[in-house]
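A.B. asks: My questions concern the predicted model and sequence given below.
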Amino acid sequence: MTSLPLRADAPWLAPLAGYSDLPFRLLCREYGAAVCCTEMISAKGLIHHSPGTQDLLQTLPEDAPLVVQLFGNEADIMIRAMEPLLERGFQWFDLNMGCSVPKVTRTGCGAAMLRDVPNALAVARAMIRTAGEGRVGFKFRLGWDAGAEVWRELAAALEDCGAGWLTLHPRYARQGFGGAAYWPALAELRRHVSVPVIASGDLMTPGDGVRCLAETGVAAVMYARGAMQNPAIFKEHRALLAGARPAAPDRSAVRAMIRRHAALAREYSNERTALFKMRTFVPRYVHHLPGVRLLRQGLAVCHDWTSLDRLLDDFLGHSCNA
Ligand SMILES: Cc1cc2nc3c(=O)[nH]c(=O)nc-3n(C[C@H](O)[C@H](O)[C@H](O)COP(=O)(O)O)c2cc1C
């Protein structure tokens, strides 16, 4: 049985709704992401063939290892959603128990599952029975709200069920992204269970990732917003661990990275979607540079690739390599 790399020098790309699509995953892999996750996919949407749901499963052989993240809170639906995916060759799965967006939690899914641990475990057991021991990971928060911590009991029970790995974003669901991620909980979790623990939360730079590994002893880190701002974070993470002092990408490296992302987006999605995606990503890639407000205004009226290229060349300067 193959296994997933769960090591300090093998950083993961987090599931990111609206962002971790095939082109972005391929880009992150080129920069050294060891494992990538799809964005969360509705198990119900899969079995009811909801429009757009299948698109979230777009992949390629070089997009491996890939973890398919599902959300859903009914064991039988998870099984029906996963069986065809296994037949198609998907091997790794994750259950979203961390999403705090009301659209998801109102349906009892995502972080709302932390309010009903017995049901969460019934879903977990069904997923592991379907995919096999070690094939399913679980991503969760500390609990629904302060005073309702469930992560310790949940983690121990998930380990007993045969979870392959556990990812903790140490905030409460009610916090959303407010406050700071409480990394000491990651250190405690990895002492509490023997299944590998992956850290998520406030990993904005490679320095954060490496510090989190050192402070908590987790098996691996998962970059989310840090990768959305700088896909080269994976390369920098590996370099930092190897003792180098990686410099943040300069303007010409950022320009080359955006060109590459645009080329991948155009290759694997239609032109309209690709342009829309690039308009969403670009402000994040250049957020640290002066003049970004003006660039945003320009992006809002960018309706073709020529004007996007011109805008970026003006802002970042020309770079010849793709
Ligand atoms: C735009 C966006 C989309 C996200 N989508 C998902 C998702 O689909 N599934 C999931 O488990 N977490 C999702 N998350 C949470 C991240 O995977 C991660 O746990 C969180 O951002 C904390 O890490 P960070 O502080 O390093 O960004 C999302 C976060 C952001 C910012």
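C.D. replies: Good, I have the coordinates. It should be emphasised that the depicted structure is a prediction, and the values quoted were computed from it without experimental measurement.

A.B. asks: residues near the closest residue to Leu213 other than its chain neighbours, how many?
C.D. replies: Spatial nearest neighbour of Leu213, excluding adjacent residues (Cβ to Cβ, 6 or more residues apart in numbering): Ala8 at 5.0 Å. Where you see a C-beta, it was placed from the backbone N, CA and C, and this is true even at glycine. When neighbours are defined as other Cβ atoms under 10 Å, Ala8 has 18 of them.

A.B. asks: Just say helix, strand or coil for Ala8.
C.D. replies: Going by DSSP: H, G, I helix; E, B strand; the rest coil, the secondary structure assigned to Ala8 is coil.

A.B. asks: Is it in contact with Ala220, as I believe?
C.D. replies: Yes: if you go by Cβ atoms under 8 Å, Ala8 and Ala220 touch, sitting 6.4 Å apart.

A.B. asks: Write out the residues of the stretch 1-150 of the chain neighbouring the ligand.
C.D. replies: Residues of the stretch 1-150 of the chain lying near the ligand by Cβ under 6 Å from any ligand atom: 14-19, 39-40, 69, 96, 98-99, 139.

A.B. asks: could you redo the last one with a cut-off of 8 Å?
C.D. replies: Within reach of the ligand by Cβ under 8 Å from any ligand atom, the stretch 1-150 of the chain has these residues: 14-20, 37, 39-40, 69, 71, 94, 96, 98-99, 110, 139.

A.B. asks: that older thread, hey, what's in contact with both of Ala8 and Ala220?
C.D. replies: Contact criterion Cβ atoms under 8 Å, 6 or more residues apart in numbering; residues shared by Ala8 and Ala220: Leu213.

A.B. asks: so how far is Leu46 from the closest residue to Gln175 other than its chain neighbours?
C.D. replies: What sits nearest to Gln175 in space, not counting adjacent residues and going by Cβ to Cβ, 6+ apart, is Ser100, at 7.6 Å. Distance, Ser100 to Leu46, using Cβ to Cβ, to the nearest Å: 22 Å.

A.B. asks: Neighbour count for the two, which is higher?
C.D. replies: For Ser100 versus Leu46, the count of surrounding residues by other Cβ under 10 Å is larger for Leu46: 23 against 20.

A.B. asks: SS state for that one?
C.D. replies: Relying on three-state DSSP, one would call Leu46 helix.

A.B. asks: any idea how far Ser269 is from Leu275?
C.D. replies: According to Cβ to Cβ, Leu275 stands 10 Å off from Ser269.

A.B. asks: nope, Tyr31 is what I meant
C.D. replies: To Ser269, Tyr31 is 20 Å away according to Cβ to Cβ.

A.B. asks: Pull the CA coordinates from stretch 26-43 and hand them back as CSV.
C.D. replies: Output of stretch 26-43 as CSV, limited to C-alpha atoms (Å, rounded to 0.1, in the frame of the first residue of the first chain):
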residue,chain,number,x,y,z
LEU,A,26,-0.1,22.1,-10.3
LEU,A,27,1.5,25.5,-9.7
CYS,A,28,2.0,24.7,-6.0
ARG,A,29,3.4,21.3,-6.9
GLU,A,30,5.9,22.9,-9.2
TYR,A,31,7.0,24.9,-6.2
GLY,A,32,7.3,21.8,-4.0
ALA,A,33,3.9,21.1,-2.4
ALA,A,34,4.2,17.4,-1.5
VAL,A,35,0.5,16.7,-1.1
CYS,A,36,-2.5,18.8,-2.3
CYS,A,37,-6.1,18.7,-1.3
THR,A,38,-9.1,19.5,-3.5
GLU,A,39,-11.4,22.2,-2.2
MET,A,40,-14.3,20.8,-0.1
ILE,A,41,-16.8,18.9,-2.2
SER,A,42,-20.4,18.2,-1.2
ALA,A,43,-21.0,14.5,-0.9
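
A.B. asks: How far off centre is that stretch?
C.D. replies: 6 Å (Cα atoms, centre = their mean, to the nearest Å).

A.B. asks: Just the mean pLDDT for that stretch, thanks.
C.D. replies: Across stretch 26-43, the average pLDDT comes to 98.

A.B. asks: Show the end-to-end separation of stretch 93-113, please.
C.D. replies: End-to-end span of stretch 93-113 (Cα to Cα, to the nearest Å): 17 Å.

A.B. asks: The stretch 51-200 of the chain: helices as residue ranges?
C.D. replies: Per DSSP state H, counting those that start in this stretch, the stretch 51-200 of the chain carries helices over the ranges 75-87, 102-105, 117-131, 151-161, 184-192.

A.B. asks: Same list as before, these that is, but in CSV and with mean pLDDT included.
C.D. replies: Formatted as CSV, those follow (pLDDT from 0 to 100):
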stretch, mean pLDDT
helix 75-87, 98
helix 102-105, 98
helix 117-131, 98
helix 151-161, 98
helix 184-192, 98
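
A.B. asks: got those helices as JSON lines, with mean neighbour count and distance to Gly207 columns?
C.D. replies: JSON lines is the format used below for the helices of the stretch 51-200 of the chain (neighbours: other Cβ atoms under 10 Å; distance: least, Cβ to Cβ, whole Å):
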{"stretch": "helix 75-87", "mean neighbour count": "17", "distance to Gly207": "37"}
{"stretch": "helix 102-105", "mean neighbour count": "14", "distance to Gly207": "31"}
{"stretch": "helix 117-131", "mean neighbour count": "19", "distance to Gly207": "34"}
{"stretch": "helix 151-161", "mean neighbour count": "18", "distance to Gly207": "26"}
{"stretch": "helix 184-192", "mean neighbour count": "18", "distance to Gly207": "17"}
